[in-house]
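Engineer: Could you work out the structure for the sequence below:
(chains A and B)
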2 protein chains.
Amino acid sequence: MTSAAGAAIELKEISSAKCFGGLQKVYEFYSNELKSNTKFGAYIPEGAQNKKLPALFYLSGLTCTEANFIEKSGFQRYAAEHKIIVINPDTSPRGVKIEGDDESYDFGTGAGFYLDATVTKWSENYRMYSYIVKELTGIVFSQLPVDQKRVGIFGHSMGGSGALSIGLKHPEIFRSISAFAPICNPMNCQWGQKAFTGYLADDQSKWKEYDATEIAKKYDGPEREILLDQGTADKFYHEKQLLPENFVEVQNSKIKVHFEKREGYDHGYFFISTFLGEHFKFHSKHL
Amino acid sequence: MTSAAGAAIELKEISSAKCFGGLQKVYEFYSNELKSNTKFGAYIPEGAQNKKLPALFYLSGLTCTEANFIEKSGFQRYAAEHKIIVINPDTSPRGVKIEGDDESYDFGTGAGFYLDATVTKWSENYRMYSYIVKELTGIVFSQLPVDQKRVGIFGHSMGGSGALSIGLKHPEIFRSISAFAPICNPMNCQWGQKAFTGYLADDQSKWKEYDATEIAKKYDGPEREILLDQGTADKFYHEKQLLPENFVEVQNSKIKVHFEKREGYDHGYFFISTFLGEHFKFHSKHL
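Structural biologist: As a prediction, this is how the structure comes out:
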């Protein structure tokens, strides 16, 4: 269904470079969900010529494009080692020119929050949830050598929020979930409240659809282990934007969280790159 | 001598982040050679509290600042593994405002070519050779926990030119040398001819002082093995800007070059990050 739709989309290859034996590519296409051109990264390890490989979707945090994770994390080494295809989308529509979309780093451009906006002004383009779950997966599954039965999701900060919420809402697509310093309970932090109010207005029942902690409370799918990494020197953790404890403390026998606190690590890419190897091992075990 | 001078310089810590157990720092200070403020990166692995560690100086290529290698290469993983301090300077003076310094990517700002300019207009500030060999080493040896007897140098492209030429001119400082896609014979390529003419005017005897191939011909120090990596899909290799064969073919019994051609790799950071592990192993063996 999504695959058939994805098969018709034409991908334009923006770049391709050899890295750890595989190819790091960036593709662009016109997204029907975002009503704009969008880019995504695709790392294809050596060996994908001969058989389908498992895949990981990585969702980035505030202000990022697809480039940050590709250039700064060093993930290709681990993707090559474990023979996993890695797909990483942009964090919002680009170039759609909605008034106010560039006014702040935590709303609008670079801050799509992986939800479908309902407020009229944003609802035409800001559909990152449907973009990821339907359109991008459809394209990837139909056009890249991915084994659809072995797909996981992970992300960082706002993208960690996206990975936890999308992963738990769609266990039929994503078999493994992990996150670096995710926004775990956006309804109860400033970033989340600003974004949800802006994109979804005041209806808190809508907010709950995109709040990982609320989603975890109701989760009734197959059992899931989740790896959640948090640096202790992360200023956003101390400012209570992330609230990992709220997620960890959810009582749901279907979910087991491995909560790792990393002494002295901050919120940035040096934290991610240090522990990426463990995340790849974790996903590899579950895929 | 240099150490005593370096000890008096005050370093300002611009940033510090934990990464692979160690600390990735950026320092700034006023350089007497460059007559301007300059930054450099310093990665200090865990364990440097208790004893002095070997160090590697990394010289970057055209257009780079100290940030590129720090953010894009993933070197910290290997530096942590081998317990090597890594120092990486900027590629030119900054903010000195000489007419024409921002007109092209391959001359002036971001393109210091690791030489001491003699042309009056540039000679006050463009002294990257003396900056690296005297001032920066002096500071690093006196203020960071470096074992001065175990120091190597490596670099990329223009920085590969710097690493080969400085490494061979100063075997008393640098015990190991490697390079990624270095400009090996700048006197015979467009990049080098433009830079040497601009900084050194037409005196080709001066040019030879900074040309790795010419320096290798006359090298008479202790025996040196050099690791030289070159991607076969590197467009600057095909445009004859790099000329590694000219360096490899130098007949000098004191120098043994391990020339590695890497099938399908280009000139960028994906190439560097793929083979960095081998360079750290190489240096570790020789330090």
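Engineer: only C-alpha atoms for contact and neighbour calcs from this point on.
Structural biologist: Will do.
Engineer: would you say residue A:49 is within a strand?
Structural biologist: No: the assignment for residue A:49, made by DSSP: H, G, I helix; E, B strand; the rest coil, is coil rather than a strand.
Engineer: And the pLDDT at the residue lying closest to it once chain neighbours are set aside?
Structural biologist: Once flanking residues are discounted, residue A:49 sits nearest to residue A:145: 7.8 Å by CA to CA, 6 or more residues apart in numbering or on different chains. At residue A:145, the model reports a pLDDT of 96.
Engineer: wait, doesn't residue A:145 sit right on residue A:50?
Structural biologist: No: judged on CA atoms under 8 Å, residue A:145 makes no contact with residue A:50 at a distance of 9.0 Å.
Engineer: Of those two, which one has the most company?
Structural biologist: Between residue A:145 and residue A:50, residue A:145 has the larger neighbour count (other CA atoms under 10 Å in any protein chain shown), namely 18 against 8.
Engineer: can you pull the contacts of that one?
Structural biologist: A:48, A:49, A:51, A:52, A:53 (CA atoms under 8 Å, 6 or more residues apart in numbering or on different chains).
Engineer: ok, it to residue A:281 distance?
Structural biologist: The gap separating residue A:145 from residue A:281 is 21 Å, by CA to CA, to the nearest Å.
Engineer: now residue A:161
Structural biologist: Residue A:161 sits 21 Å away from residue A:281 when distances are taken as CA to CA.
Engineer: Between those two, which is the more surrounded one?
Structural biologist: Set residue A:161 next to residue A:281 and count neighbours by other CA under 10 Å: residue A:161 wins out with 32 against 14.
Engineer: Can I take it that that one is in a helix?
Structural biologist: Yes: counting by three-state DSSP, residue A:161 falls inside a helix.
Engineer: Residue A:187 is in contact with that one, correct?
Structural biologist: No: using CA under 8 Å, residue A:161 is not in contact with residue A:187, being 11.3 Å away.
Engineer: Name all residues that sit in contact with the two at the same time.
Structural biologist: Common neighbours of residue A:161 and residue A:187, using CA under 8 Å, 6+ apart, are residue A:211.
Engineer: Get me the contact residues on the stretch 1-150 of chain A for chain B.
Structural biologist: Residues of the stretch 1-150 of chain A lying close to chain B (CA under 8 Å from any CA of the partner chain) are A:17, A:18, A:19, A:20, A:71, A:72, A:73, A:74, A:77.
Engineer: In strands, which of the residues you listed fall?
Structural biologist: Per DSSP state E, strands hold the following members of the residues of the stretch 1-150 of chain A next to chain B: A:17, A:18, A:19.
Engineer: burial measure for the first one, as a count.
Structural biologist: Residue A:17 is flanked by 21 other residues according to other CA under 10 Å.
Engineer: Could you give the bridge partners of it?
Structural biologist: residue A:24 (DSSP bridges).
Engineer: Who are the contact partners of it?
Structural biologist: Applying CA under 8 Å, 6+ apart, we find residue A:17 in contact with A:23, A:24, A:25, B:265, B:266, B:270.
Engineer: Apply 10 Å and report the result again.
Structural biologist: Residues in contact with residue A:17 (CA atoms under 10 Å, 6 or more residues apart in numbering or on different chains) are A:23-26, A:43, B:233, B:264-271.
Engineer: Of these, grab the buried ones for ChimeraX.
Structural biologist: This is the ChimeraX syntax for the buried subset of the contacts of residue A:17, where burial follows 16 or more other CA atoms under 10 Å in any protein chain shown:
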select /A:23,24,25,26,43 /B:233,265,266,267,268,269,270,271
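Engineer: Would you double-check that residue A:57 falls in a strand?
Structural biologist: Yes: under three-state DSSP, residue A:57 falls within a strand.
Engineer: Kindly list the longest helix within chain A.
Structural biologist: For chain A, the helix that runs over the most residues, judged by DSSP state H, is helix A:269-286.
Engineer: Sort out which residues of it are buried, please.
Structural biologist: Within helix A:269-286, the residues that qualify as buried are A:269-277, A:279-280, A:282-284, counting by 16+ other CA under 10 Å.
Engineer: Stretch A:126-142 now?
Structural biologist: By neighbour count with 16+ other CA under 10 Å, stretch A:126-142 contains the buried residues A:126-142.
Engineer: how about stretch A:9-19: buried residues?
Structural biologist: By 16+ other CA under 10 Å, the buried positions in stretch A:9-19 come out as A:9, A:11, A:16, A:17, A:18, A:19.
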